[in-house]
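Engineer: need coordinates for the below:
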Amino acid sequence: MKHRSVFALAAALAVAVPAAPSYAADELFLPLLTYRTGPFAGSGIPIANGMRDYLEMLNQRDGGIGGVKIRIEECETGYNTQKGVECYDLLKPGGPLIINPWSTGITLQLIPRASVDQTPILSMAYGLSAAADGTVFPWVFNPPASYWDAASAIIKYIGEQEGGLDKLKGKKIGYIFLDAGYGREPIPLLEDFAKEYGFTLSMYPVPADTMQNQSSQWLNVRRDRPDYMIMWGWGAMNATAVREAAKVRYPMDKFISVWWPGEDDVRPAGDGAKGFKMLNFHAVGPDFPALQDIKTMVFDKGLSQASSADKIGENLYNRGVVNSLIMAEAVRTAQEIAGHPNVTPAEVRAGLEALNISAERLKEIGLEGFMEPMVLSCEDHAGQSDVYIQQWDGQSWQKISDYFPPMVEKVRPMLEQAAQDYVKANQPWPERTEPCAKAS
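Structural biologist: Next up, the predicted model:
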């Protein structure tokens with residue numbers, strides 16, 4: 001009953017979304033759920049541009065994937081969960097090979113539908129951390145690392161700054177976060193680590209409707225004087241948090257974010273943002289052959305929505321490139337396994353599960369050194385890939401650490417337990433029946 005209005009809207013707009021499956025029309029349908037409007041547009045626009053431009057570059061440079069052109073179609077969600085579900089219902093009749101929710105809230109709504117609709121969900125480095133367990137969630141993927149991996153990596157890095165994880169005992173760590181599914185996702189792990197390592201965890205939730213007014217949260221930070229601050233922000237929240245942190249003179253080299261801030265989140269704070277740190281899993285900058293191909297074959301031809309060429313290579317733009325790279329390589333792997341180019345969503349699911357983006361493959365496609373190699377498997381749908389820390393110097397991001405692994409030995413058992421807890425809370429949950437996919 002609750003989806004009646006969604007299906008009515010889908011019927012009304014059926015003309016806008018072709019009903020024929022993509023694999024029957026000799027094209028690969030890779031739709032993009034994006035948000036170019038609303039309070040989160042500052043983050044959504046560069047990601048949407050990076051995703052779209054990489055796929056368009058493949059069409060221009062390679063004739064698509066495996067000789068089949070990619071059909072690219074955006075659906076505007078405004079980072080709104082209900083609109084995201086409506087987009088899914090609108091796009092589903094067209095036979096999408098992969099769905100990218102680009103919102104933890106939307107992802108959580110679509111996870112139960114993935115196995116029923118036989119459509120893989122790619123929540124690239126966001127969404128439900130427990131979805132990393134492919135034995136429970138065969139249709140959901142969150143590479144190259146989950147939010148729990150990210151939180152563990154930040155705690156690991158903080159421990160190293162203090163001389164070891166045992167030195168965290170008695171420390172105060174603040175956590176400022178968007179008070180939504182996204183921001184709440186790593187809290188169980190942070191609470192568990194606080195007990196294990198003996199630090200005090202202070203939480204500063206930021207409601208979405210007041211995220212541009214964080215004065216009260218940062219006054220509390222100034223009062224509490226945490227030794228480190230961790231941020232899980234998005235959209236306008238990020239820029240506001242950086243400005244407010246500078247205003248209360250919080251030491252920026254002790255302020256560390258998960259991987260979502262972009263350049264436009266730190267520039268408004270001027271010199272006050274210097275020293276701000278962020279986790280990352282790919283390079284920043286345009287100096288890669290594939291990104292230069294985007295400039296010449298997409299941007300210079302007027303096929304990009306990027307406002308200027310210097311946006312190519314910025315952090316969130318490159319994040320969109322990573323997302324589309326994963327999609328494209330999953331399709332290519334699916335084509336190899338299936339033995340034909342016009343693959344189905346089920347075959348692309350197998351391609352995601354057998355994904356192996358090696359250093360050699362990255363070099364072949366013009367992205368040598370752009371990211372660490374990525375390997376997924378039947379059991380591991382996140383990859384738990386290595387990450388690094390970058391720091392804002394006032395003009396650009398500077399890589400200040402080597403790549404290092406998250407605390408896999410601690411996180412993986414927690415992910416598996418969380419997956420089982422999800423199943424218990426969402427009965428009846430289907431047993432996995434899909435065979436374990438392997439590359440040819």
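Engineer: pLDDT at residue 26, what is it?
Structural biologist: Note on residue 26: pLDDT of 88.
Engineer: likewise for residue 438?
Structural biologist: 75.
Engineer: what sits closest to it if chain neighbours are left out?
Structural biologist: Using C-beta to C-beta, 6 or more residues apart in numbering and skipping residues adjacent in sequence, the residue nearest residue 438 is residue 354, 5.5 Å away. Where C-beta positions appear, they are placed from N, C-alpha and C, glycine not excepted.
Engineer: please report how far the one you found lies from residue 432.
Structural biologist: Using C-beta to C-beta, to the nearest Å, we find residue 354 at a distance of 16 Å from residue 432.
Engineer: between the two, who's got more neighbours?
Structural biologist: Per other C-beta atoms under 10 Å, whichever of residue 354 and residue 432 has more neighbours is residue 354, with 21 against 15.
Engineer: dihedrals phi and psi, that one?
Structural biologist: Geometry field for residue 354 lists phi and psi as phi -100, psi 20, criterion degrees, to the nearest 10.
Engineer: list the contacts for it?
Structural biologist: Residue 354 makes contact with 333, 337, 376, 377, 437, 438, 439, according to C-beta atoms under 8 Å, 6 or more residues apart in numbering.
Engineer: what's the answer for residue 415, then?
Structural biologist: Taking C-beta under 8 Å, 6+ apart, one finds 129, 130, 132, 133, 146, 148, 382 in contact with residue 415.
Engineer: please repeat the previous calculation with a cut-off of 10 Å.
Structural biologist: 128-133, 136, 146, 148-149, 189, 380-382, 384, 408 (C-beta atoms under 10 Å, 6 or more residues apart in numbering).
Engineer: and if you look at residue 412?
Structural biologist: Residue 412 makes contacts with 132, 133, 146, 148, 149, 379, 380, 382, 384, 406, as judged by C-beta under 10 Å, 6+ apart.
Engineer: tell me which element it is part of?
Structural biologist: helix 408-425 (DSSP states H and E).
Engineer: quick check: buried residues in that helix?
Structural biologist: Neighbour-count burial for helix 408-425, counted by 16 or more other C-beta atoms under 10 Å, picks out 408, 410, 411, 412, 414, 415, 416, 418, 419, 422, 423.
Engineer: how deep is residue 207 tucked in, by neighbour count?
Structural biologist: Other residues within reach of residue 207, judged by other C-beta under 10 Å, total 12.
Engineer: my bad, should have said residue 243
Structural biologist: By other C-beta under 10 Å, neighbour count at residue 243 equals 19.
Engineer: hang on, it in a helix?
Structural biologist: Yes: assigned with DSSP: H, G, I helix; E, B strand; the rest coil, residue 243 falls within a helix.
Engineer: which residue is the nearest non-sequential neighbour of it?
Structural biologist: Leaving aside its sequence neighbours, residue 243 sits nearest to residue 269 (C-beta to C-beta, 6+ apart; 4.8 Å).
Engineer: name the helices or strands packed onto the host helix or strand of residue 398?
Structural biologist: According to DSSP H and E, residue 398 maps onto strand 397-399. Secondary-structure packing of strand 397-399 (3 or more C-beta pairs under 10 Å, 6 or more residues apart in numbering; DSSP states H and E): strand 277-280, strand 388-392.
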